[in-house]
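K.L.:
Need a 3D model of the following:
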Amino acid sequence: MDLIAYAVPLFLLAIALELAWGIWSGRNTYRLNDSFSSLMLGILSQARKFVVLGVGGWVYDAIARHTGQTMWSSEHGLTWVVAFVLYDFCYYWLHRFGHERQILWAAHVAHHQSEEYNLSTALRQTSSGFLLGWLFYVPMYVLGIPAEVVVTVGALNLIYQFWVHTRHVPELGWFEYVFVSPSNHRVHHAQNDCYMDRNYGGVFILWDRIFGTYQRELPEEPCVYGIR
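P.N.:
You can find the predicted model right below:
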């Protein structure tokens with residue numbers, strides 16, 4: 001299911017509410033030019049889906065035909081649970097390599113260019129990630145996860161990541177140990193030396209804890225956003 005299209009009105013409503021809250025509380029995190037750029041990049045990233053489906057669809061169809069892999073049933077709940085966790089695991093490595101390898105950073109850098117950090121920043125998405133990004137999800141198809149399941153859990157993963165782009169939510173206790181939160185994702189967007197190249201998870205921060213890329217947001221080190 002293309003859940004992103006259904007979520008867009010909720011995204012825009014949440015942005016309006018965050019803006020109103022920021023102005024009312026005296027902690028506005030929006031600038032017109034910065035937010036406008038984020039929204040325009042978000043629109044472009046949605047327009048590119050026709051190309052993405054063409055390239056990815058051909059590749060994954062070829063994998064299914066040439067490997068003869070038996071697909072898991074999309075009617076079983078376990079298929080969805082495994083796919084959701086496995087997708088985030090693949091996303092972790094795509095995201096990490098997107099910071100560590102220049103050819104992938106060239107596609108991802110747009111998301112980090114904002115010098116503000118608010119819900120509109122979540123919409124600042126690349127339009128060229130499909131060129132190489134699909135490679136990281138090939139293992140899901142090789143294992144037999146149906147394409148419609150991969151697309152749906154991918155949309156759920158992206159929708160989850162929307163709400164963590166805010167400065168108005170503090171640390172969340174035990175939640176920080178398992179899931180990506182606004183606090184640990186603020187670290188990911190910061191350019192401070194102690195925060196660089198940390199916290200790559202999409203939904204689960206566990207991958208960062210396991211593979212040594214976790215960094216807690218430090219009270220004495222306010223995040224500085226944007227790229228160097």
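
K.L.:
count of neighbours near the closest residue in space to Glu217 that isn't next to it in sequence?
P.N.:
Excluding the flanking residues, the one nearest Glu217 by C-beta to C-beta, 6 or more residues apart in numbering is Ser183, at 4.6 Å. C-beta: built from backbone N, CA, C; applies to glycine. Ser183 sits with 20 neighbouring residues when counted by other C-beta atoms under 10 Å.

K.L.:
any idea whether Ser183 is helix, strand or coil?
P.N.:
Secondary structure, DSSP: H, G, I helix; E, B strand; the rest coil: Ser183 is helix.

K.L.:
His168 is in contact with that one, correct?
P.N.:
No: using C-beta atoms under 8 Å, Ser183 makes no contact with His168, being 11.1 Å away.

K.L.:
returning to what we had before: for the residue nearest to Glu217, what are its contacts?
P.N.:
169-172, 176, 216-217 (C-beta atoms under 8 Å, 6 or more residues apart in numbering).

K.L.:
And it, how far from Trp72?
P.N.:
From Ser183 across to Trp72, the span is 35 Å (C-beta to C-beta, to the nearest Å).

K.L.:
Helix or strand next in line after the lowest-mean-pLDDT helix or strand in the chain, which one?
P.N.:
Sorted by mean pLDDT, DSSP states H and E, the helices and strands of the chain end with helix 49-67, the least confident at a mean of 62. Sequence order places helix 77-100 as the next helix or strand after helix 49-67, per DSSP states H and E.

K.L.:
Kindly export that following helix (C-alpha atoms) in PDB.
P.N.:
Only the C-alpha atoms of helix 77-100 are listed here, as PDB (Å, rounded to 0.1, in the frame of the first residue of the first chain):
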ATOM      1  CA  GLY A  77       1.300 -11.900  10.800                       C
ATOM      2  CA  LEU A  78       4.800 -13.300  11.200                       C
ATOM      3  CA  THR A  79       5.600 -12.300   7.700                       C
ATOM      4  CA  TRP A  80       4.800  -8.700   8.500                       C
ATOM      5  CA  VAL A  81       6.700  -8.700  11.800                       C
ATOM      6  CA  VAL A  82       9.800 -10.200  10.200                       C
ATOM      7  CA  ALA A  83       9.600  -7.900   7.200                       C
ATOM      8  CA  PHE A  84       9.200  -4.800   9.500                       C
ATOM      9  CA  VAL A  85      12.300  -5.600  11.600                       C
ATOM     10  CA  LEU A  86      14.400  -6.800   8.600                       C
ATOM     11  CA  TYR A  87      13.500  -3.600   6.600                       C
ATOM     12  CA  ASP A  88      14.800  -1.400   9.400                       C
ATOM     13  CA  PHE A  89      17.900  -3.500   9.600                       C
ATOM     14  CA  CYS A  90      18.500  -3.000   5.900                       C
ATOM     15  CA  TYR A  91      17.700   0.700   6.300                       C
ATOM     16  CA  TYR A  92      20.300   1.000   9.000                       C
ATOM     17  CA  TRP A  93      23.000  -0.100   6.600                       C
ATOM     18  CA  LEU A  94      21.800   2.000   3.700                       C
ATOM     19  CA  HIS A  95      21.600   5.000   6.000                       C
ATOM     20  CA  ARG A  96      25.100   4.300   7.500                       C
ATOM     21  CA  PHE A  97      26.700   3.900   4.100                       C
ATOM     22  CA  GLY A  98      24.800   7.000   3.000                       C
ATOM     23  CA  HIS A  99      27.000   8.900   5.400                       C
ATOM     24  CA  GLU A 100      30.200   6.900   5.100                       C
END
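
K.L.:
Please consider this matter closed, and thank you.
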